[in-house]
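Chemist: Pasting the sequence and the predicted model now:
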Amino acid sequence: MEESREFLALRRAQEQAAAACAVSEEERILRRELADYYAQRLAQMPNAAQIPEESAPAPHF
């Protein structure tokens, strides 16, 4: 009986760890896609290379 509880607790911990990894992988992908999107938008701006960094507006996430 005690082994069953330990097995279930271990199984639950493994499932929670797998779920956390899936969320962080999804978050990593979304952040990369967002960075790519802003890089494309910046590349389309004709004066982007001429704007000094200190006067450029901060991105709003």
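Modeler: Everything's here; your move. These numbers come from a predicted model, not from an experiment.
Chemist: where do the strands sit along the protein?
Modeler: Using DSSP state E, no strands are assigned anywhere in the chain.
Chemist: Residue ranges in it under the pLDDT threshold?
Modeler: Applying pLDDT under 70 to the chain flags the ranges 1, 47-61.
Chemist: same thing but at 90, please
Modeler: Where the chain drops to pLDDT under 90, the residues are 1-7, 17-28, 31, 41-61.
Chemist: Sketch out the helices for it, chain order is fine.
Modeler: Per DSSP state H, the chain carries helices over the ranges 2-44.
Chemist: Count the neighbours of residue 15 for me.
Modeler: Counted by other Cβ atoms under 10 Å, the residues lying close to residue 15 total 10. (Each C-beta comes from the backbone N, C-alpha and C, glycine too.)
Chemist: And residue 13, by the same measure?
Modeler: 10.
Chemist: What of residue 42?
Modeler: Neighbours of residue 42 (other Cβ under 10 Å): 13.
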